[in-house]
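[1] Sharing a model that was predicted from the sequence below.
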Amino acid sequence: RQQRYRSLRDQPARTVDGTMIGLQMNAGLLVDLPQLAESGAEGIGLFRTELQFMVASTMPRAGDQERLYRAVLDAAGDKPVTFRTLDVGGDKLLPYLSHGPEENPALGYRAMRLALDRPGLLRTQLRALLKASSGRESRIMFPMVTDLFEIRAARALIDRELDHLTRFGYEPPKKLSIGAMLEVPSLLYQLDPLMAGLDFVSIGSNDLFQFFFAVDRGNANVSGRYDDLSVPFLRALRSVVAASERNGVHLSLCGEMAGRPLSAMALIGLGFRNISMAPPSIGPVKAMLTTLDAAALSGELHALLDDGEETGSARAFLKDFAERH
Ligand code: PEP
Ligand code: MG
């Protein structure tokens with residue numbers, strides 16, 4: 001099997017009916033970068049910048065942040081890298097940043113909520129990202145967006161930093177793409193205005209699932225009880241695909257489900273054309289794709305989701321489809 005994955009590595013991810021799928025990988029540290037070549041991923045769809053902060057015993061300095069981002073971009077060469085700004089709080093605590101006790105940390109003071117209150121922290125990071133991508137493409141993504149004012153506030157910080165950098169003679173990025181993670185259900189009901197202000201959206205299905213079903217992703221007693229292939233969840237994902245097509249906004253999904261072949265198959269059936277996953281999943285997902293008739297699956301899956309009486313899991317249908325094909 002490893003042999004088969006290796007032989008697929010340098011081939012495009014193309015379904016039997018000729019649909020091209022972009023497979024990217026998730027990363028968080030410089031040591032992950034060699035996997036870009038090893039896995040054959042087309043880029044880094046999610047770079048979790050909080051990892052650098054979590055492995056440090058004190059707040060990484062601006063220069064250290066910039067050095068890491070530049071090293072990542074250098075190692076990635078001409079493959080794109082999407083940097084997610086700090087996603088701390090919740091289950092990702094920093095020993096040197098006081099968080100205060102929280103009854104519901106997943107719903108608490110985390111990610112953008114914290115970053116916008118501590119603009120020094122976010123501005124330092126944005127400046128480091130912009131400086132590191134001077135003269136090349138910069139892709140910046142905001143986590144845990146709940147309300148569009150958060151994107152406006154973050155964008156204003158980026159504008160200020162760009163201004164500052166050009167005033168001090170730095171070459172700005174050749175191209176700047178700004179995106180948001182869709183991981184809070186409130187965004188599902190403002191998809192058009194969300195997308196109007198962004199270059200790309202990436203679904204964080206781990207958190208979206210957690211909030212959609214009100215189920216703690218870290219609590220094994222409940223997290224296994226609900227199915228990420230359930231019809232209501234797939235309908236939610238489908239509505240995001242439709243909005244991305246309507247708005248011409250690039251869409252990806254970077255949660256764990258992207259790396260499970262059966263779930264990845266469902267995503268392609270829903271119309272996703274780009275997904276990002278842990279590097280070891282690229283081979284198995286690509287192997288699945290090369291045997292998939294995406295159009296046939298899409299027809300059957302949409303019919304299932306269109307059936308208003310259908311409320312259960314699509315897992316059995318998907319397994320059956322995989323066996324029939
Ligand atoms: C997600 O929530 O799906 C995601 C990709 O982000 P993280 O797992 O880092 O919260
Ligand atoms: Mg998340």
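    Nice, I can see it. Numbers count the residues shown, from 1 in each chain. Ligands and ions are numbered 1, 2, ... in the order given.
[2] so how far is Gln125 from the residue positioned nearest the centre of the chain?
    Central residue of the chain (CA atoms, centre = their mean): Cys254, 3.5 Å from the mean position. As judged by CB to CB, to the nearest Å, Cys254 and Gln125 stand 19 Å apart. For the C-beta atoms, the positions are set from N, CA and C on the backbone; glycine is no exception.
[3] for ligand 1, what are the nearby residues on the stretch 151-300 of the chain?
    Proximity of the stretch 151-300 of the chain to ligand 1 (CB under 6 Å from any ligand atom) is limited to residues Glu183, Gly204, Ser205, Asn206, Asp207, Cys254, Gly255.
[4] does any bit of stretch 276-289 sit next to ligand 2?
    No. Using CB under 5 Å from the ion, we find that stretch 276-289 stays clear of ligand 2, coming within 12.5 Å at best.
[5] so how far is that stretch from its chain's centroid?
    Stretch 276-289 sits 15 Å away from the centroid of its parent chain (CA atoms, centre = their mean, to the nearest Å).
[6] distance between the ends of it?
    14 Å (CA to CA, to the nearest Å).
[7] buried residues in it?
    276-279, 281-289 (16 or more other CB atoms under 10 Å).
[8] All the helices of the stretch 101-250 of the chain, residue numbers only.
    For the stretch 101-250 of the chain, the helices defined by DSSP state H, counting those that start in this stretch cover 111-117, 119-132, 148-167, 191-196, 205-212, 220-223, 231-247.
[9] Please tabulate the ones you listed in TSV and include mean neighbour count, distance to Arg4 and mean pLDDT as additional columns.
    Below are those laid out as TSV (neighbours: other CB atoms under 10 Å; distance: least, CB to CB, whole Å; pLDDT from 0 to 100):
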stretch	mean neighbour count	distance to Arg4	mean pLDDT
helix 111-117	20	39	93
helix 119-132	20	37	95
helix 148-167	15	42	97
helix 191-196	16	38	98
helix 205-212	22	27	96
helix 220-223	12	32	88
helix 231-247	18	29	98
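[10] Which one of the ones you listed lies nearest to Arg6?
    Arg6 lies closest to helix 205-212 among the helices of the stretch 101-250 of the chain, at 27.8 Å (CB to CB).
[11] Tell me which residues are up against the closest one.
    106, 144, 181-185, 215-217, 223, 226, 228, 232-233, 236-237, 253-258 (CB atoms under 8 Å, 6 or more residues apart in numbering).
[12] May I see the PyMOL selection of the buried members of those residues?
    Here is the PyMOL selection string for the buried members of the contacts of helix 205-212, based on 16+ other CB under 10 Å:
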select buried, resi 106+144+181+182+183+184+217+226+228+233+236+237+253+254+255+256+257+258
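[13] Give me the pLDDT for Tyr5.
    As predicted, Tyr5 sits at a pLDDT of 86.
[14] If you drop the residues flanking it in sequence, what lies closest to it?
    Gly283 (2.8 Å; CB to CB, 6 or more residues apart in numbering).
[15] ditto for Arg238
    Leu270 (5.0 Å).
[16] again with Leu253
    Closest to Leu253 by CB to CB, 6+ apart is Ile203, at 4.2 Å.
[17] Same question for Met181.
    Nearest to Met181 is Gly204, by CB to CB, 6+ apart, at 4.4 Å.
[18] likewise Phe213?
    Tyr226 is the one closest to Phe213 (CB to CB, 6+ apart), at 4.5 Å.
[19] Quick check: which element contains the closest residue to Gly28 other than its chain neighbours?
    Nearest non-adjacent residue to Gly28, counting by CB to CB, 6+ apart: Leu51, 3.4 Å away. According to DSSP states H and E, Leu51 maps onto helix 50-54.
[20] Restrict that helix to CA atoms and write it as CSV.
    Provided in CSV are the C-alpha atoms of helix 50-54 (Å, rounded to 0.1, in the frame of the first residue of the first chain):
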residue,chain,number,x,y,z
GLU,A,50,-0.1,28.7,17.7
LEU,A,51,2.3,25.6,17.7
GLN,A,52,5.3,27.9,17.9
PHE,A,53,3.7,29.7,20.9
MET,A,54,2.7,26.4,22.6
